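Visitor: sequence and predicted structure, then a few things I'm wondering about:
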Amino acid sequence: MKKRRVFDIDFDEAEQTQTPQLETKSMFGSPAPSAPHDRRGPMASAIAENAGALSERAAAEAAIRAENDRLAHELVDLKQAGLITRLVNITDVRAELLTRDRKAVRDSEIDELKASIRDIGLSNPIQVLEAGDGYELVQGYRRLTAFRELYKETGEQRFAQIPVGIIARTEEDRSLYRRMVDENIVRKGIGFGEMAAIAWAYLRSSDKAFSNVNEAIDDLFASAGRQKRAYIKNFAKLYQRLEPSLVHVDVIPRALGLEVGKKLDENPALVSVLKQRLLDANGQSAADELRMLRAFVAEKNTPKTTPRETAKTTLRLMSPRGQVKCVAAEGSFSMQSKMDFTTVERARLEAAVAAFWEALDPK
């Protein structure tokens, strides 16, 4: 019997970790073919590992880009909605873009607002619009005033900056006015005179065409009730009639304003009378102006006299003394000539007048 041969095969160290397969023989004595093994060298393994890492990195970068895009769109949406809040210097905020209800006298409620801000801070940021190197105020005039006064009084740095909500620049002035009005409508104590002044400013500056101030009021104060808009329209008419003599329109009570407007409607000639009184009292206080308006309402209306058309007859006659112009009217008859009647004797004048009446006496 033939002795079986034995072969020694040396494998690489990396390959020795693989489990060796049992050798089999075919019926013809040759080794049976075995399935090919996936043998890769160190270089191939490194390339494969690097490719996998690059694939994972690309997927991670794509996910980061998608998240950044989502956050960017969300930031734009929040900014357009005025929900992005930041701290800005109070000196960088201007209040010139919109005509607002700024009273000629200091608002006494500012002190209460200042005390609240000093104790617990500002819970509701003001709304501003980016404008060049600063910001234009849209909502929050009283809050801004409180911060300015607090910083001036205390010098504390926490009052040097105020929280603001940035409004997108895409909004039209009409929308900005609506923002301001909707905030002030719900504020307790705002007067109809203030709303009337804002309505006139809105009519003059709005990008929307209105035929009159009443249309502007219906658009600007759409969130107010019909009766409230009617009061604003009455004050807008009063404001137009007495501007600029009416200084303290913001303090006029609703009832007094309506009474003044009604009296002027009944007797339009009194508009110039009241306006002149207010102008003559230039620099009057709010209390003085209210006293003047109440006194005006209490006065009895002057009877309205409409001049009646008087029928006249004009004659031009020639006389030995020259041309004589005669004007005949109800209750009067006049003659004009170059004659000096003071040189005529009294008796002759009396005789002439008697002859005049005798000629007119029907027989």
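Guide: Thanks, I have the structure now.
Visitor: ranges for the helices of the chain?
Guide: For the chain, the helices defined by DSSP state H occupy 42-80, 110-120, 141-154, 173-185, 192-205, 213-220, 226-242, 254-266, 270-280, 286-298, 346-360.
Visitor: worst mean pLDDT among those?
Guide: Per-stretch mean pLDDT for these is lowest at helix 173-185 (a mean of 63).
Visitor: so Thr313 makes contact with Ala328?
Guide: Yes. If you go by Cβ atoms under 8 Å, Thr313 and Ala328 touch, sitting 4.2 Å apart. Where C-beta positions appear, they are placed from N, C-alpha and C, glycine not excepted.
Visitor: if we can go back for a sec, out of the helices of the chain, flag the one nearest Ser319.
Guide: The minimum distance between Ser319 and those falls on helix 346-360, with 11.8 Å, by Cβ to Cβ.
Visitor: and Leu137, how many neighbours?
Guide: 23 (other Cβ atoms under 10 Å).
Visitor: Asp340: which of the helices of the chain is closest?
Guide: Closest among the helices of the chain, using Cβ to Cβ: helix 346-360, at 12.1 Å.
Visitor: got the buried residues for the closest one?
Guide: By neighbour count on 16 or more other Cβ atoms under 10 Å, the buried set for helix 346-360 is empty.
Visitor: and stretch 321-340, by the same measure?
Guide: Going by 16+ other Cβ under 10 Å, stretch 321-340 has no buried residues at all.
Visitor: next: stretch 209-222.
Guide: Buried residues in stretch 209-222, counted by 16+ other Cβ under 10 Å: 210, 213-214, 216-221.
Visitor: compute the first-to-last residue distance for that stretch.
Guide: End-to-end distance for stretch 209-222, by Cα to Cα, to the nearest Å: 16 Å.
Visitor: before we move on, what about stretch 332-342?
Guide: 20 Å.
Visitor: what sits up against that stretch?
Guide: Contacts of stretch 332-342 with the rest of the structure, by Cβ atoms under 8 Å, 6 or more residues apart in numbering, involve 319, 321-327, 349.
Visitor: nearest to Ser205, of the residues you listed?
Guide: Once Cβ to Cβ is applied, the member of the contacts of stretch 332-342 that ends up nearest Ser205 is Val327, at 56.2 Å.
Visitor: from Phe235, how far off is that closest one?
Guide: Note on Val327: its distance to Phe235, by Cβ to Cβ, to the nearest Å, is 50 Å.
Visitor: now do Lys237 against Val324, distance only.
Guide: Distance from Lys237 to Val324, by Cβ to Cβ: 54 Å.
Visitor: correction: Ala46
Guide: Counting by Cβ to Cβ - Ala46 and Val324 are separated by 135 Å.
Visitor: check contacts around the nearest residue to Pro125 once chain neighbours are set aside.
Guide: Ranked by Cβ to Cβ, 6 or more residues apart in numbering and with sequence neighbours excluded, the top spatial neighbour of Pro125 is Pro163, at 3.9 Å. Applying Cβ under 8 Å, 6+ apart to Pro163 gives the contacts 85-87, 122, 125-126.
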